[in-house]
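> here is a sequence together with a model predicted from it:
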Amino acid sequence: MRKILITGGAGFIGSHVIRRFVNKYENYQIYNLDKLTYAGNLENLVDIESKKNYTFIKGDICNEYFINELFKKHKFDSVIHLAAESHVDRSITDPLAFAKTNILGTMVLLNAFKEIWKSNLEDKLFYHVSTDEVYGSLGETGFFTEDTPYDPNSPYSASKASSDHFVRAYGETYNIPYVISNCSNNYGANQFPEKLIPLFINNIINNRELPVYGDGNYTRDWLYVIDHAIAIDLVFHKGENKETYNIGGFNEWRNIDLVKVLCKQMDLKLKRQEGESEKLIVYVKDRPGHDLRYAIDASKINKELNWSPSVTFEEGLSLTIDWYLTNKVWMSNVVKGDYKTYYNKQYK
Ligand code: NAD
Ligand code: DAU
């Protein structure tokens with residue numbers, strides 16, 4: 001019997017990780033700790049919420065007293081830490097919120113873990129889920145490997161880089177067993193419509209403009225979220241102590257090309273005339289400090305843990321669009337209230 005604390009499980013990636021662990025490992029007790037910020041949504045987990053091996057706990061990872069008491073009560077043997085402020089644009093308008101949750105929140109968890117297990121660390125694991133953005137920006141060529149020096153450019157990536165350093169420092173200083181994975185851009189069901197793909201799907205459905213930042217030539221590597229959850233499962237069970245694993249989709253797209261592919265698929269699915277959605281594209285003011293290109297060399301996880309993406313981008317994108325077209329109530333619930341204020345401030 002393992003007792004695993006998964007933080008940020010009501011968010012996009014966290015909900016897919018929770019679903020996988022709860023359904024696949026019936027003998028594990030899975031605890032989902034989430035503050036339910038604007039990005040957390042228990043509707044993401046309705047299909048597993050009544051399972052016997054699943055417990056939801058509402059709480060803030062920055063609340064030291066609460067976290068310490070929680071660890072004393074449950075004595076989690078492992079943590080899979082996903083809770084974070086995750087949107088680059090929001091980190092530009094409110095950087096302190098990112099330092100607080102992503103750096104201090106991670107430290108509060110590390111401290112509680114250290115205090116509860118002291119030197120009794122056998123079979124314990126702190127798994128920190130991080131991002132490829134910590135490596136900064138690539139030029140036209142090259143890839144991020146696990147040895148690429150950190151060079152973050154946004155308050156979001158700087159806060160994630162800092163949290164990665166603290167995890168390593170706790171590993172070195174207090175012998176906390178840890179693994180870190182750094183993943184590229186995820187897409188799939190349940191992603192909050194502030195990120196490129198769900199925002200553009202929602203805007204196409206509603207015939208609203210598609211705001212492409214700058215010249216649209218920025219490049220990202222895209223991975224289907226279920227393939228990330230599969231990779232997290234593998235790293236959790238088979239990753240080597242104190243190792244980092246880069247996770248990516250071998251799937252680079254310039255933003256503008258990706259948006260055009262998305263528009264084509266949407267035209268087909270919505271039975272619109274070819275080219276209709278593309279007419280919604282507008283070029284808008286660029287994101288400050290916008291990283292030109294991310295590209296992951298995922299050969300380590302591929303070779304050592306035998307992981308590779310299970311779907312092509314076209315398949316994953318099609319499944320994603322279908323999910324949003326089927327789950328219009330999910331979307332209308334998340335775009336209520338504060339979302340409109342955020343959207344108007346960001347895009348007007
Ligand atoms: P998300 O924003 O969808 O979800 C974050 C979750 O964390 C939400 O449920 C939110 O309520 C919760 N949370 C935020 N602050 C909290 C706090 N103080 N205490 C407790 N819970 C809190 O994020 P996501 O896209 O699912 O990303 C999850 C993790 O994966 C993050 O650590 C992110 O840096 C990392 N990551 C994301 C991507 C991506 O493309 N989305 C890629 C690589 C790595
Ligand atoms: O690389 C991993 C990271 O990917 C994760 O760590 C982050 O949590 C996640 O948010 C994501 O960061 P990005 O900034 O790359 O994702 P986003 O969806 O915000 O933007 C993708 C690209 O699209 C980026 O180049 C900016 C551009 N963009 C985005 C939005 C929201 C636009 O052109 N217009 C938009 O409206």
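In hand now; what should we look at? Ligands and ions are numbered 1, 2, ... in the order given.
> check which residues of stretch 25-42 are buried.
Of the residues in stretch 25-42, 28, 29, 30, 31, 32, 33, 34, 35, 37, 39, 40, 41 count as buried by neighbour count, 16 or more other Cβ atoms under 10 Å. Every residue, glycine included, has its C-beta placed from N, CA and C.
> possible to save those residues as a markdown table with distance to residue 114, pLDDT and secondary structure?
What follows is the buried residues of stretch 25-42, written out as a markdown table (distance: Cβ to Cβ, whole Å; pLDDT from 0 to 100; DSSP: H, G, I helix; E, B strand; the rest coil):
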| residue | distance to residue 114 | pLDDT | secondary structure |
| --- | --- | --- | --- |
| 28 | 22 | 98 | strand |
| 29 | 21 | 98 | strand |
| 30 | 22 | 98 | strand |
| 31 | 19 | 98 | strand |
| 32 | 22 | 99 | strand |
| 33 | 17 | 99 | strand |
| 34 | 22 | 99 | strand |
| 35 | 22 | 98 | coil |
| 37 | 26 | 98 | coil |
| 39 | 28 | 98 | coil |
| 40 | 26 | 98 | coil |
| 41 | 31 | 98 | coil |
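> which residues does the residue of the stretch 51-200 of the chain found nearest ligand 2 contact?
Using Cβ to the nearest ligand atom, residue 131 is the residue of the stretch 51-200 of the chain that sits closest to ligand 2, at 3.1 Å. Residues near residue 131 by Cβ atoms under 8 Å, 6 or more residues apart in numbering: 157, 160, 182, 183.
> show the backbone phi and psi for it.
Main-chain torsions, residue 131, degrees, to the nearest 10: phi -130, psi 160.
> is the longest helix along the chain anywhere near ligand 1?
For the chain, the longest helix by residue count, based on DSSP state H, is helix 155-174. Yes: against ligand 1, helix 155-174 shows contacts by Cβ under 6 Å from any ligand atom at residue 160.
> residue boundaries of the strands in the stretch 1-150 of the chain?
For the stretch 1-150 of the chain, applying DSSP state E, counting those that start in this stretch gives strands covering 2-7, 28-34, 54-58, 78-81, 125-131.
> for residue 330, which of the ones you listed is the nearest?
Of all the strands of the stretch 1-150 of the chain, strand 28-34 sits nearest to residue 330, with 16.9 Å by Cβ to Cβ.
> pull up the pairing partners for the closest one, direction included.
Strand 28-34 has its sheet partners listed here by DSSP bridges as strand 2-7 (parallel), strand 54-58 (parallel).
> kindly reformat those as JSON lines containing distance to ligand 2.
Output for the strands paired with strand 28-34, formatted as JSON lines (distance: least, Cβ to the nearest ligand atom, whole Å):
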{"stretch": "strand 2-7", "distance to ligand 2": "15"}
{"stretch": "strand 54-58", "distance to ligand 2": "22"}
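> mean neighbour count, the ones you listed: which tops it?
Ranked by mean neighbour count, the strands paired with strand 28-34 are led by strand 2-7 with a mean of 22 (mean count of other Cβ atoms under 10 Å).
> what parts of the stretch 101-250 of the chain come near ligand 2?
By the rule Cβ under 6 Å from any ligand atom, the part of the stretch 101-250 of the chain lying against ligand 2 is 131-133, 184-185, 195-196, 199, 211-213, 218, 220.
> can you list contacts of stretch 195-211?
In contact with stretch 195-211 (Cβ under 8 Å, 6+ apart) are residues 87, 185, 187, 191-193, 255, 258-259, 262-263, 266, 270, 277, 280-282, 284, 317, 320-321, 324-325, 328, 331, 335, 347.
> go again with 7 Å.
87, 187, 191-193, 255, 259, 262-263, 266, 277, 280-282, 284, 320-321, 324, 331, 347 (Cβ atoms under 7 Å, 6 or more residues apart in numbering).
> cool, and stretch 159-173?
Taking Cβ under 7 Å, 6+ apart as the rule, stretch 159-173 contacts 98-99, 102-103, 106-107, 110, 114, 126, 128, 130-131, 133-134, 150, 152, 176, 178, 180, 242.
> the strands paired with strand 28-34: which one's closest to residue 64?
The nearest among the strands paired with strand 28-34, by Cβ to Cβ, is strand 2-7 at 14.5 Å.
> that older thread, state the distance from the residue of the stretch 51-200 of the chain closest to ligand 2 to residue 253.
Separation of residue 131 from residue 253 (Cβ to Cβ, to the nearest Å) stands at 17 Å.
> ditto for residue 127
28 Å.
> picking up where we left off before, which among the contacts of residue 131 gets closest to residue 236?
Once Cβ to Cβ is applied, the member of the contacts of residue 131 that ends up nearest residue 236 is residue 183, at 13.7 Å.
> can you count the residues close to the residue nearest to that closest one when sequence neighbours are not counted?
Of all residues not flanking residue 183 in the chain, residue 247 sits nearest, at 4.1 Å (Cβ to Cβ, 6 or more residues apart in numbering). Using other Cβ atoms under 10 Å, residue 247 has 30 neighbouring residues.
> thank you, goodbye.
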